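*Asks:* Next comes the sequence, and after it the predicted model I'd like to discuss.
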2 protein chains.
Amino acid sequence: MKFSKRIIDMQESPIRKLVPLSEETKKNGKKVYHLNIGQPDIKTPTEFMDSIKKYDEEVLSYSFSEGLPELIDSFISYYKTYDINFEKDEILITNGGSEAILFSILAISDDGDEILVPEPFYTNYNGFSSSAGVNVVPITTKAENGFKLPTKKTVQSLVTDKTKAILISNPGNPTGTVYTSEEMNMLRDIAKENNLYIIADEVYREFIYDGFEYRSFATFEDIKDRVILVDSISKRYSACGARIGMIGSKNKDLIKQILKLCQGRLCVPTLEQIGAANLINVTPKYFNEVVAEYKKRRDVVYNALSNMENVICKKPHGAFYIIAKLPVDNAEDFVKWLLTDFDVDGETIMLAPAEGFYSTKGLGIDEVRISYVLNEESLKKSMKILELGLKKYS
Amino acid sequence: MKFSKRIIDMQESPIRKLVPLSEETKKNGKKVYHLNIGQPDIKTPTEFMDSIKKYDEEVLSYSFSEGLPELIDSFISYYKTYDINFEKDEILITNGGSEAILFSILAISDDGDEILVPEPFYTNYNGFSSSAGVNVVPITTKAENGFKLPTKKTVQSLVTDKTKAILISNPGNPTGTVYTSEEMNMLRDIAKENNLYIIADEVYREFIYDGFEYRSFATFEDIKDRVILVDSISKRYSACGARIGMIGSKNKDLIKQILKLCQGRLCVPTLEQIGAANLINVTPKYFNEVVAEYKKRRDVVYNALSNMENVICKKPHGAFYIIAKLPVDNAEDFVKWLLTDFDVDGETIMLAPAEGFYSTKGLGIDEVRISYVLNEESLKKSMKILELGLKKYS
């Protein structure tokens, strides 16, 4: 039996494809520190489960396709704190940020169309695009200069008559880059001049360090019709398993179109929406503590990497990822080797080979993405394991 | 700003698009009986919430992309009672039956490919297909003869070199049809002779009346590589808001391919999977009572329709839907009129215009789908309202 071309073309998740190997490693008695996946160890605010435990409807029925009104309201209130003003009919609740990205792509591009994405990028951008028959055109950026965007001329040269949008995560996954106003203005200008959408994935909005300034693409008045804000509670509230995301756009007609896709999958789970709606009651204290904790972790990982011989990385200022260039020929082989052939006192680490975050062939082969989502102690041990591993591997 | 062709081509859900109108009607103080949507009023078994309320992990983390092992196991046990033997690597948990259908289509067909579907069909089949650039080719069936499949020759004549699968719901939504062995054998032969998949949507498996026999496509040994079973707990356990579905196939390579799509959306919500896994402990008594209740309801609706002048419908033997041909020119206009201009003692009904369940232009214009998901009393009142409405409307 044959499979579709699109599914064959779709790559396996570089973050998840080695999971069977790590499960095997654990079965053999080794402890594995998971730095491969953005699964924080931060406690989910109790507000989430509290409201779910109070649920007492006798019939767990369908919710509205556009989302539970309370949850839409809670997103509206939340955005006001960022000077983003959405109305009720400008927001759609989705199954995680993942569905928000997929639906955005489907709504604005057809088979064979193109979307510009700064590379390296969140690997699923590629997955979603290829399942939709849309080609990701990379705007290549490099570890050596902290993944800065290239010049306007370079970006402009990538635009064709098939280009429909620029898709960008800010702060960036997997790079941890926080884009400057100059970079954002440049993308805005390109969007205007070439009639493009900007799909702004801002799920790491809260995680910004070193006093860096953050601005949402949703606050640009002059491109408000072009901006599709993609969001998720997964990282913000350490609630990855809730799968609650959102699409927001001042382009009400676009929202109406995307609603058809939402109707197709009927609704997002009712209980998770009830839990998520109550997260609006989480105090700012929670974020202050969480952000301080991540900054500390970033420092542990960045400082350790900086002191390792022949490892290249610039200090990232957002999200909770670092891309590091390692002194190895093939990072995936090294990652596998760490799982199967190496340990320090019965412990090893799992990293995400970065090749899958690039669409340009040959790039990222010697890089890994490290998620600093574990506590300081575990991160210190993990960095020691990496250092010793690199020494032994060479 | 432009939208994609695929999103513009996508129809609004005929079941959901009139919801704003019914919300308006309710705001004006009228009671609306919802016979438009398959949202049962049957209590969700307490097993579902019981296990969720016991959840005490501090971090609500990602689950496995393929699904929670306990839930996969519970599906395996459940299928054994239907002589369907799945192994762990033959099942993927999905966001409702909806995602199961979408992923199945994406995995086996590319832009421009075709899928045969008995018409009238579950309206979202069209939505999913058009979002994937795949064309639904209808196998037309008719209310007048109980929506029986046409001859093998007729079905065969619809196959082209673009045809990739037959997608069928059994028992059927929106028709309530339970296919005979002859009909199933015929589809099996066509699948074999033309190298097609069969996507078998069997979410109404339990709801079969009048001693009709049910057989799953998954039990056909000689096409086990071709069968993709699509399932959901929504109707079976009256848990529509849980959005837990499943793909099952003995074609392990296909499952591996679809897993890439599952990885793309990371996972299905953790809590809902925990709740669903515990539903395996619901006793057969539950189903016996529920099925008896639905049979009673089916009788109320069918008998009432049979006694209405110029209304045509054959007795359906499965699921909880009836398609009825009404003596009106345009059923959608009539459905709107019932909401806006008609009531009996302050009460009215909402039906689903059936045109959206057909892809052949012009078919179903004078038909509605009635979901008998309310209690006997409400259904009796609803049928009275329909009868009086039809009289007044003409």
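*Replies:* Right, received. Where do you want to start?
*Asks:* Start and end of stretch A:189-207, how far apart?
*Replies:* Using Cα to Cα, to the nearest Å, the end-to-end distance of stretch A:189-207 comes out at 26 Å.
*Asks:* gap between it and the chain center?
*Replies:* Centre-to-centre, stretch A:189-207 and its host chain are 14 Å apart (Cα atoms, centre = their mean, to the nearest Å).
*Asks:* Please point out which parts of that stretch sit buried.
*Replies:* Applying a neighbour-count criterion of 16 or more other Cβ atoms under 10 Å in any protein chain shown, one finds A:190-191, A:194, A:196-207 buried in stretch A:189-207. (Glycine included, C-beta is placed from N, CA and C.)
*Asks:* can I assume A:Y125 is in contact with A:I101?
*Replies:* Yes: assessed by Cβ atoms under 8 Å, A:Y125 is found in contact with A:I101 at 6.8 Å.
*Asks:* Now do the shared contacts for the two.
*Replies:* A:L167 (Cβ atoms under 8 Å, 6 or more residues apart in numbering or on different chains).
*Asks:* Got the phi and psi for the most centrally placed residue in chain A?
*Replies:* In chain A, the residue lying closest to the centroid (Cα atoms, centre = their mean) is A:N173, at 4.8 Å. Per-residue torsions, A:N173: phi -110, psi 120 (degrees, to the nearest 10).
*Asks:* tell me the SS of the nearest residue in space to it that is not next to it in sequence?
*Replies:* Among residues not flanking A:N173 along the chain, A:Y122 sits closest, at 4.7 Å (Cβ to Cβ, 6 or more residues apart in numbering or on different chains). Secondary structure assignment for A:Y122 (DSSP: H, G, I helix; E, B strand; the rest coil): coil.
*Asks:* try A:G245
*Replies:* A:G245 falls in the strand class when you classify it by three-state DSSP.
*Asks:* Verify the contact between it and A:L102 for me.
*Replies:* No: assessed by Cβ under 8 Å, A:G245 is found out of contact with A:L102, at 10.2 Å.
*Asks:* And the pLDDT for A:M1?
*Replies:* Looking at A:M1, its pLDDT reads 89.
*Asks:* show me the contacts for it.
*Replies:* B:108, B:195, B:197, B:225-226, B:251, B:253-254.
*Asks:* same thing but 10 Å
*Replies:* Contacts for A:M1 (Cβ atoms under 10 Å, 6 or more residues apart in numbering or on different chains) come out as B:108, B:164, B:195-197, B:225-226, B:228, B:249, B:251, B:253-254.
*Asks:* same deal with A:S234?
*Replies:* Applying Cβ under 10 Å, 6+ apart to A:S234 gives the contacts A:38-40, A:96-98, A:203, A:240-245, B:60-62, B:266.
*Asks:* Could you rerun that using 8 Å?
*Replies:* A:96-97, A:203, A:240, A:242-245.
*Asks:* and the closest residue to A:G318 other than its chain neighbours, how many neighbours?
*Replies:* Residue nearest to A:G318 in three dimensions, not counting chain neighbours: A:P171, with 2.7 Å by Cβ to Cβ, 6+ apart. Counted with other Cβ atoms under 10 Å in any protein chain shown, the neighbours of A:P171 add up to 26.
*Asks:* Do I have it right that A:P171 meets A:H317?
*Replies:* Yes: taking Cβ under 8 Å as the definition, A:P171 is a contact partner of A:H317 at 7.3 Å.
*Asks:* if I look at those two, which residues touch both of them?
*Replies:* Both A:P171 and A:H317 are contacted by A:177-178, A:208, under the criterion Cβ under 8 Å, 6+ apart.
*Asks:* In a markdown table, list those along with pLDDT, secondary structure and neighbour count.
*Replies:* Output for the shared contacts of A:P171 and A:H317, formatted as a markdown table (pLDDT from 0 to 100; DSSP: H, G, I helix; E, B strand; the rest coil; neighbours: other Cβ atoms under 10 Å in any protein chain shown):
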| residue | pLDDT | secondary structure | neighbour count |
| --- | --- | --- | --- |
| A:T177 | 95 | coil | 28 |
| A:V178 | 96 | coil | 23 |
| A:I208 | 95 | strand | 20 |
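*Asks:* dump the residue contacts of the closest residue to chain B within the stretch 101-250 of chain A.
*Replies:* Nearest residue of the stretch 101-250 of chain A to chain B (Cβ to the nearest Cβ) works out as A:G241 at 3.4 Å. A:G241 is in contact with B:60-63, B:267, B:269-271, counting by Cβ under 8 Å, 6+ apart.
*Asks:* Just flag the most distant two among those residues.
*Replies:* Within the contacts of A:G241, two members stand farthest from each other by Cβ to Cβ: B:Y62 and B:L271, at 12.4 Å.
*Asks:* Of the two, give the one with the bigger neighbour count.
*Replies:* Taking neighbours as other Cβ under 10 Å, B:Y62 and B:L271 compare with B:L271 leading, 25 against 19.
*Asks:* Quick check on the residue lying closest to A:H34 once chain neighbours are set aside: phi, psi?
*Replies:* Of all residues not flanking A:H34 in the chain, A:M350 sits nearest, at 5.3 Å (Cβ to Cβ, 6+ apart). Reported as degrees, to the nearest 10, the phi and psi values for A:M350 are phi -120, psi 130.
*Asks:* what sits against A:M350?
*Replies:* A:18, A:22, A:32-36, A:335, A:338-339.
*Asks:* And A:P69, by the same measure?
*Replies:* A:K88.
*Asks:* what domains does the record give for chain A?
*Replies:* Listed domain ranges for chain A are A:5-43+A:284-393, A:46-281 (source: automatic domain parsing).
*Asks:* Ends of the first one, what's the gap?
*Replies:* It refers to domain A:5-43+A:284-393. 38 Å.
*Asks:* so where do the strands sit in chain A?
*Replies:* Using DSSP state E, the strands found in chain A span residues A:31-34, A:91-95, A:114-119, A:135-140, A:163-169, A:197-201, A:227-232, A:244-248, A:321-325, A:347-350, A:352-353, A:367-371.
*Asks:* Dump those strands to JSON lines, plus mean pLDDT.
*Replies:* As requested, these are exported to JSON lines (pLDDT from 0 to 100):
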{"stretch": "strand A:31-34", "mean pLDDT": "96"}
{"stretch": "strand A:91-95", "mean pLDDT": "98"}
{"stretch": "strand A:114-119", "mean pLDDT": "98"}
{"stretch": "strand A:135-140", "mean pLDDT": "96"}
{"stretch": "strand A:163-169", "mean pLDDT": "98"}
{"stretch": "strand A:197-201", "mean pLDDT": "98"}
{"stretch": "strand A:227-232", "mean pLDDT": "98"}
{"stretch": "strand A:244-248", "mean pLDDT": "98"}
{"stretch": "strand A:321-325", "mean pLDDT": "96"}
{"stretch": "strand A:347-350", "mean pLDDT": "97"}
{"stretch": "strand A:352-353", "mean pLDDT": "94"}
{"stretch": "strand A:367-371", "mean pLDDT": "96"}
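*Asks:* Need those strands in TSV (columns: distance to A:L71).
*Replies:* Output for the strands of chain A, formatted as TSV (distance: least, Cβ to Cβ, whole Å):
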stretch	distance to A:L71
strand A:31-34	30
strand A:91-95	6
strand A:114-119	28
strand A:135-140	31
strand A:163-169	23
strand A:197-201	19
strand A:227-232	12
strand A:244-248	8
strand A:321-325	28
strand A:347-350	34
strand A:352-353	31
strand A:367-371	27
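*Asks:* hang on, the earlier thing: the residue nearest to A:N173 contacts A:F357, doesn't it?
*Replies:* Yes: using Cβ under 8 Å, A:Y122 is in contact with A:F357, at 7.4 Å.
*Asks:* Can you check which residues contact both of the two?
*Replies:* In contact with both A:Y122 and A:F357: A:P174, using Cβ under 8 Å, 6+ apart.
*Asks:* Need the single longest helix in chain A, by residues.
*Replies:* Ranked by residue count and defined by DSSP state H, the top helix of chain A is helix A:284-306.
*Asks:* what about it, near chain B?
*Replies:* No: using Cβ under 8 Å from any Cβ of the partner chain, helix A:284-306 stays clear of chain B, coming no nearer than 12.4 Å.
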